[in-house]
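J.: below is the sequence, then the predicted model.
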Amino acid sequence: MTGATPSRRTIISGFAALPMAACGQKSKSQDLPTPVDPPPLKSLAPFPFGCAVSVERLSDPVYSALLTRNFSQLTAEWEMKMEYILQDDGSFRFDRPDRIAAFARDNRMRLFGHTLVWYAQDPAAFRPFDGRGPVFAGALRNYILAVVGRYRGQAVGWDVVNEPVAEQGDGLRDCLWSRNLGQVDYIRRAFDYAREADPEVPLLINDYNLESLPAKRSQFMRLVETLLKSGTPLGGIGTQSHIDVSLPAGAIGRSMRDLASFGLPIHISELDISLNRGRGPLSSDEQLRVRQVRLAKEMAEAFAALPPAQRFAFTTWGLRDKDSWLRGPKENPTPPWDAPLLFDDDGRAKPVFSAQAEGLTASAALRRPSA
Ligand code: XIL
């Protein structure tokens, strides 16, 4: 059976219905089978596959064809954040969020809301309320009621508070919201307001570096516990998973098991696997790609191993490498350009795509009976 790598056999046994062409051609390395004519990502497992998008890209037919073929859920990468919606004079701007919502509806995709309160964004419209407790709280409530209310019935979830834990995990963030409303209280309030706006929608808390920094994960878990004990309507956990190739083997599984211990749904909410952030002085491009492929498989396996009710969604932060925020001038001003996503600049599925598909087959719960 020439060309049949272990990965190819695994994919075939896991997904009897997959076309043979999906199963990969050997590249230079045994670890990097490049998928040929791969099946749609969303056909590979019975949970939502999300992708971060922008209005501008959605209007490109080549982009939107690849997106709708592979993904079943959308997150606005920027245009549903406070920085976009709330203007300096306090008025709201829903033009682009509405276009993303309409695209999702027209293409029968789920819409995920990201994000209501984020330490990194403290818009000018809040400045007049700074230091005026109840008035400040009222302004935040108005904002959340307007945004969550607008997509009520369509949004399948919201990142209510984004990145609440301090960078190294030594406490919670000090920010405009915590200074005005209290370190935990601003979080509780944001959840309560979101629940008031939509009694049904799952409300999530989202953070990053939970895989790479166990101390940060512990702090995050203490926060989750505090929120649950105080009756906050927390309905899920988002782990952004902006990881890089230096992440040691096993870290993803440990993090996933810890986070899943609350029994809440888990959202891998912003997955990308940076080559450049983990590029040591001696790593060749080939070595970096091999590590990327292994981590993609680990991530898929860890998620697929969760009980079905805890698999909220599996979201990648962009479609093609050239769409990634890691290509921005700040992150990546000079070559070598980063390549953290599933599809290359031309929209071709990369070896990480095969690895992710293979990781999904690792879960017995996901296997379809063979014919
Ligand atoms: C980033 C977007 O990718 C950029 O386009 C935007 O300018 C800034 O925000 N954590 C998050 C995301 O929760 O919202 C961030 O997205 C990436 C880090």
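T.: Happy to help now that I have it.

J.: count the neighbours of the nearest residue to A139 once chain neighbours are set aside for me.
T.: Taking CB to CB, 6 or more residues apart in numbering as the measure, A139 lies nearest to F129, with 4.9 Å between them; neighbours along the chain are not counted. Any C-beta I mention is one placed from the backbone N, CA and C, and that applies to glycine too. When neighbours are defined as other CB atoms under 10 Å, F129 has 18 of them.

J.: tell me the pLDDT of F129.
T.: We note a pLDDT of 97 for F129 in this prediction.

J.: ditto for the one 5 residues further on
T.: Among the per-residue scores, P134 holds a pLDDT of 96.

J.: same question, L145
T.: On the pLDDT scale, L145 is placed at 98.

J.: again with R8
T.: 32.

J.: list the contacts of A194.
T.: Listed by CB atoms under 8 Å, 6 or more residues apart in numbering, the contact set of A194 reads 116, 144, 148, 158, 160, 201, 203, 233.

J.: what's the helix or strand encompassing the first one packed up against?
T.: Using DSSP states H and E, L116 sits in strand 110-118. In terms of contacts (3 or more CB pairs under 8 Å, 6 or more residues apart in numbering; DSSP states H and E), strand 110-118 is packed against strand 73-76, helix 82-85, helix 95-106, helix 133-150, strand 155-162, helix 185-197, strand 311-316.

J.: ok, P33 to K322 distance?
T.: Using CB to CB, to the nearest Å, P33 is found at 23 Å from K322.

J.: what is the neighbour count of the closest residue to the ligand within the stretch 101-250 of the chain?
T.: The minimum distance from the stretch 101-250 of the chain to the ligand, using CB to the nearest ligand atom, falls at N162 (5.0 Å). Using other CB under 10 Å as the criterion, N162 is surrounded by 24 other residues.

J.: I'd say it and Y208 touch.
T.: No. With contact defined as CB atoms under 8 Å, N162 and Y208 do not form a contacting pair (9.1 Å).

J.: where in the stretch 201-350 of the chain is pLDDT low?
T.: Low-confidence segments of the stretch 201-350 of the chain, defined by pLDDT under 70, span residues 331-333.

J.: which stretches of it form strands?
T.: Across the stretch 201-350 of the chain, reading from the start of the chain, the strands by DSSP state E, counting those that start in this stretch fall at 203-207, 236-239, 242-244, 266-274, 311-316.

J.: tell me which of these sits nearest to P134.
T.: When the strands of the stretch 201-350 of the chain are compared for distance to P134 using CB to CB, the nearest one is strand 203-207, at 23.0 Å.

J.: quick one: contacts of that closest one?
T.: Here strand 203-207 makes contact (CB under 8 Å, 6+ apart) with 114-115, 157-165, 187, 191, 194-195, 216, 220, 223-224, 227, 233-240, 265, 267, 269, 312.

J.: which residues are in contact with the residue of the stretch 101-250 of the chain closest to the ligand?
T.: Shown here is N162, whose contacts under the criterion CB under 8 Å, 6+ apart are 114-120, 206-207.
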